[in-house]
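# Have a look; sequence and predicted model below, questions after that.
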Amino acid sequence: MYKTRIKKITEKLFENNIDGFVVNKPENQYYISGFSGEGLIIITGRKNYIITDSRYTEQAKNEAQGFEIIERQKGTSPFLISFHIIKDLGLKIIGFESHSLTVKEYDELVETYKNITLIKTDGFIEQLRTVKDSYEINLIKSAQKITDKAFEYILGLIKPGVSELDLVAELEFFMKKNGSKSKAFPTILVSGPRTSLPHGSPSERILQSGDFVTIDFGARFSGYCSDMTRTVVIGKPSERQLSIYNTVLNAQIKAIEYIKPGIIGKDADSVARKIISKQGFGDYFGHGLGHGVGLEIHEAPSLSPKGESHLLPGMIVTVEPGIYIEKYGGVRIEDMVVITKNGFENLTNSEKQLICL
Ligand SMILES: [Mn+2]
């Protein structure tokens, strides 16, 4: 698996006349080697290297096959050591990940290695990661199974008198007990008027009857994330709550039904946006419809008004329209789907008709 991935990368390097590539982003390192510690990876047409320090040397040997592990001394710069190796190998044109190098590190490299040409790249490995193989899809399915199970569990605890933070503690503890090594991202759990905050962080607020409660959360399984959102109501929903909820639900269902290979991200966004606008809530849906999910919680492709890429079988994306009204509240419903040969498979199995607790 790693061999195939590295082969694809080296082919792409040579097509672009690049001799070697320094991988800095942890998710990209894990994707091409299985190494989950801190370090840098150098890919060349021949040998590949992991530069790490004594905290991770043994781990690197266990996790990554086919790499030469180089332990750098304490206090040395990983980038300078990598480029020292690159210079010794006689490589001249080196690609690096422009999003994960500081200006200081870049200046230092340019200054120290005047005979090496540095090529800034963006999304070089991320592009390959957008299409998941069946192994990756299964890991994300496992992460989502834990997430669905945790949602069912937390429904039993949502009631007037508990705080948002209480619920988050219970939710995350449950996910960990059920096989999630860490959460996929900081859990969003907001209630009452705070549901108007699309990415609000949980507070001490005590839940009351009549509240909307929005929970956006995910588990992580073997490095892979899941992502789902549900909004529920405590007690009987008002007419206004119902109208907001049903508008979001209808937009979400129609956008999912639209998903198949070949469509463009922004067109899926527009399906949901038109439905929400038609009901008069167009000004209250500020974010994009969805995003890719994998080793990172937000990755390509984007399903937003700016999403220009075509969807391909094997991509996994979220579909998560929302309506947020300041000082009143809001609703978001999010599922994760995998694009299949003919359409999509929904990986989220939790109920999405309005749940009244
Ligand atoms: Mn999401």
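In hand now; what should we look at?
# buried ones in the host helix or strand of residue 58?
Residue 58 is located in helix 57-63, with elements delineated by DSSP states H and E. Buried residues in helix 57-63, counted by 16 or more other Cβ atoms under 10 Å: 57, 59, 60, 63. All C-beta atoms are positioned from the backbone trio N, CA, C, and that covers glycine.
# Among those, which one lies nearest to the ion?
Using Cβ to the ion, residue 63 is the member of those that lies nearest the ion, at 28.4 Å.
# Enumerate every residue touching that closest one.
33, 34, 35, 36, 37 (Cβ atoms under 8 Å, 6 or more residues apart in numbering).
# Tell me how far it lies from residue 271.
For residue 63, the distance to residue 271 equals 42 Å [Cβ to Cβ, to the nearest Å].
# Helices of the stretch 251-357 of the chain, residue ranges please.
Listed in chain order, the helices of the stretch 251-357 of the chain (DSSP state H, counting those that start in this stretch) span 265-278.
# Please list the residues of it that sit near the ion.
Proximity of the stretch 251-357 of the chain to the ion, by Cβ under 5 Å from the ion, involves residues residue 318.
# For the stretch 251-357 of the chain, which segments count as strands?
290-292, 299-303, 316-319, 322-325, 329-332, 335-339, 344-346 (DSSP state E, counting those that start in this stretch).
# Of the ones you listed, flag the one that's most buried.
strand 316-319 (a mean of 28; mean count of other Cβ atoms under 10 Å).
# CA atoms only for that one - export them in PDB, please.
Extracted in PDB, the C-alpha atoms of strand 316-319 (Å, rounded to 0.1, in the frame of the first residue of the first chain):
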ATOM      1  CA  ILE A 316     -15.700  11.100   1.000                       C
ATOM      2  CA  VAL A 317     -17.500  14.300   1.700                       C
ATOM      3  CA  THR A 318     -19.800  15.900   4.200                       C
ATOM      4  CA  VAL A 319     -23.200  17.400   3.400                       C
END
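# Quick one: list the elements packing against that strand.
With contacts taken as 3 or more Cβ pairs under 8 Å, 6 or more residues apart in numbering; DSSP states H and E, strand 316-319 sits against helix 239-258, helix 265-278, strand 290-292, strand 299-303, strand 335-339.
# Can you tell me which of these is most buried?
Sort these by mean neighbour count, taking mean count of other Cβ under 10 Å, and strand 290-292 sits at the top with a mean of 26.
# chain center to that one, what's the gap?
Distance of strand 290-292 from the chain centroid (Cα atoms, centre = their mean, to the nearest Å) equals 8 Å.
# what does that strand contact?
So strand 290-292 is in contact with 130, 268-269, 298-304, 315-320, 334, going by Cβ under 8 Å, 6+ apart.
# Counting neighbours, what do you get for the closest residue to the ion within the stretch 151-300 of the chain?
Nearest residue of the stretch 151-300 of the chain to the ion: residue 227, at 4.2 Å (Cβ to the ion). By other Cβ atoms under 10 Å, the residues close to residue 227 number 28.
# contacting residues around it?
147, 184, 185, 216, 217, 218, 293, 297, 318, 334, 336.
# ok, now with 10 Å
140, 143-144, 147, 184-185, 216-219, 290-291, 293, 297-298, 316-318, 320, 334-336, 347-348 (Cβ atoms under 10 Å, 6 or more residues apart in numbering).
# Quick check: residue 329 touching residue 192?
Yes. Counting by Cβ atoms under 10 Å, residue 192 is a contact partner of residue 329 at 6.5 Å.
# joint contacts of those two?
Residues touching both residue 329 and residue 192 (Cβ under 10 Å, 6+ apart): 210, 211, 212, 213.
# Filter those down to the ones in strands?
Mapping those onto strands (DSSP state E) picks out 212, 213.
# buried subset of the shared contacts of residue 329 and residue 192?
With burial judged by 16+ other Cβ under 10 Å, the buried subset of those is 211, 212, 213.
# Most neighbours among the contacts of residue 63, which one is it?
That'd be residue 35 among the contacts of residue 63, by other Cβ under 10 Å, with 25 neighbours.
# Check whether that residue really touches residue 27, as I assumed.
No. Look at residue 35 against residue 27 with Cβ under 10 Å: they stay out of range, at 11.3 Å.
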